[in-house]
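Peer 1: okay, here's the prediction I keep looking at, along with the sequence it came from:
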Amino acid sequence: MAKILLATLMAAGLVAGLAGCNTFAGAGKDIQKGGEAVEEAARDVQSNY
């Protein structure tokens, strides 16, 4: 269940990040922030097991 939730959050974050940027530099920053959020979520999941 956690994997499905994490995948959904990742996809939603990616879509939101790409929709909100106007330049390639902006896209890079959005993707980087999305990656950081995914890393944090992964750490949270790992700490629960």
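Peer 2: Yep, that arrived. Residues are numbered from 1 along each chain as shown.

Peer 1: mind checking how far residue 28 is from residue 10?
Peer 2: From residue 28 over to residue 10 the distance is 17 Å, taken as C-beta to C-beta, to the nearest Å. No exception for glycine: its C-beta is placed from N, CA and C like everyone else's.

Peer 1: could you give the number of residues near residue 34?
Peer 2: Around residue 34 there are 20 other residues, counting by other C-beta atoms under 10 Å.

Peer 1: quick one on the thing from earlier: residue 28 and residue 10 - which one has more neighbours?
Peer 2: residue 10 (16 against 11).

Peer 1: for stretch 32-45, what does the pLDDT average out to?
Peer 2: Averaged across stretch 32-45, the pLDDT comes to 89.

Peer 1: which parts of that stretch are buried?
Peer 2: Residues of stretch 32-45 classed as buried by neighbour count (16 or more other C-beta atoms under 10 Å): 34, 38, 41.

Peer 1: now do the same contact list for the second one.
Peer 2: What it means is residue 38. Neighbouring residues of residue 38 by C-beta atoms under 8 Å, 6 or more residues apart in numbering: 6, 9, 10, 13.
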